[in-house]
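[1] what would the 3D arrangement of this be:
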Amino acid sequence: MKLVVIPGLNGNDQLCQDFLASLNSDVLFIPLPEDCAQDHQTLAANIAPQLPDESFILLVESYAGSIAPYLNVMPDIPLKGIIFFVSLLAMPSKTLLELPKLIRAETLMKLPFAEQQLKSKYLNNDATPEQVKHVRKVVENIPHSILQQRAEALKQLRSFPKQPETTVAFVEATQDKVLNQRAKDSIAKVYPGARKYSMEGSHFLFYTKPKQSAALVDTIIKELTN
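    The predicted structure is shown next:
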C-alpha cells in the first residue's frame, strides 16, 4: 500500500527527511504548493492531480491536516485511510497565528531569545543545538507572504464537507505546546471513529524522533489495512 505524505507549515521535507528514510512503506512525498492560494481547499485542489491512481494511505502532518477532508470527498481518488500526525482540524492558538502580522519570521528568529524559546517551548528540550539551529533556519526560510496566508487559513477553519466512511487514525504528541486542546480534539469531532495513538515528545516528532515516528506509522498502516 502506497503512503502519501503531505508536510506541515514549512511545506517541504526539511524537517522530515530522516522520518521518510525510516519508513518501510512505498512513499510519495508531496510538498505544499506555493503558486496558489494557501487555504486548505485550494491546496487540496492543487495536490489532487499528483495523487497516485493506485490505493493509498494519506498521512498529513500538522498544518496539512485540514487538506485531508477536501481530498477525502473528491471522486475517483483511491484513498483508503488517513493518518493525522500531530495535526488539527480547528484553529489553534489565535495569539500564535497573529505573529506573522506583527513581525517577519526571519526577524523573530534573530532575536536573542529565539533559539532558547524554540528549544524549550516548541522542541521540549528534545533537540540538539544543531537541530534547534536547523529548525530556526527552516522557519526563517518560509516566504513571509506564504506564512501569512497559512496563518490566516488556520484562523478561518470552521467546517468541512460531510465526510464519507473512512478509516482514520491520529497521533498526538504528549507534550505538544503548539496545538491547544481545541485543536487536539478537533479530529475526533470530524471523525468520531478515529483511532487515537499517543507518542512521547513535542510537536516536532518527525524531526526529533524520526525512527520512532516511522515505526509508529508503519504499525498504524498495518492496523488500518488489516
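[2] spit out the contact partners of Met1.
    If you count contacts by CB atoms under 8 Å, 6 or more residues apart in numbering, Met1 has them with Ser25, Asp26, Ser55, Phe56, Ile57, Lys80, Ile221, Thr225. C-beta here means a position set from N, CA and C on the backbone, and glycine is covered the same way.
[3] how about the nearest residue to the fourth one, chain neighbours excluded?
    Think Phe56. Distances taken as CB to CB, 6 or more residues apart in numbering put Lys2 closest to Phe56, at 4.2 Å, once the chain neighbours are dropped.
[4] try Leu118
    Val132 (5.4 Å).
[5] the one you found: helix or strand, and which one exactly?
    Secondary structure from DSSP states H and E places Val132 in helix 129-140.
[6] same for the first helix or strand past that helix going along the chain, what does it pack against?
    Sequence order places helix 144-155 as the next helix or strand after helix 129-140, per DSSP H and E. Packing partners of helix 144-155 (3 or more CB pairs under 8 Å, 6 or more residues apart in numbering; DSSP states H and E): helix 94-102, helix 105-108.
[7] where in the chain is the helix or strand with the lowest mean pLDDT?
    helix 94-102 (a mean of 55; mean pLDDT, DSSP states H and E).
[8] Ala169 versus Glu223, what's the distance?
    Going from Glu223 to Ala169 by CB to CB, to the nearest Å gives 8 Å.
[9] I misspoke; the intended subject was Glu140.
    For Glu140, the distance to Ala169 - CB to CB - is 33 Å.
[10] between those two, who's got more neighbours?
    Ala169 (24 against 15; other CB atoms under 10 Å).
[11] that one - that's part of a helix, no?
    No: assessed with DSSP: H, G, I helix; E, B strand; the rest coil, Ala169 is strand; it does not lie in a helix.
[12] so Asn125 touches Lys119, yeah?
    Yes: using CB atoms under 8 Å, Asn125 is in contact with Lys119, at 6.0 Å.
[13] comparing these two, which shows the higher neighbour count?
    Per other CB under 10 Å, whichever of Asn125 and Lys119 has more neighbours is Lys119, with 20 against 11.
[14] these two touch, right, the more buried one and Glu130?
    No: using CB under 8 Å, Lys119 is not in contact with Glu130; the gap is 11.4 Å.
[15] which neighbours do those two share?
    In contact with both Lys119 and Glu130: no residue, using CB under 8 Å, 6+ apart.
[16] re earlier: common neighbours of Glu223 and Ala169, please.
    By CB under 8 Å, 6+ apart, Glu223 and Ala169 have these common neighbours: Arg195.
[17] what are the contacting residues of stretch 32-41?
    Here stretch 32-41 makes contact (CB under 8 Å, 6+ apart) with 6-7, 11-12, 42-43, 46-47, 63-64, 66-67, 70, 143, 146, 149-150, 152-153, 156-157.
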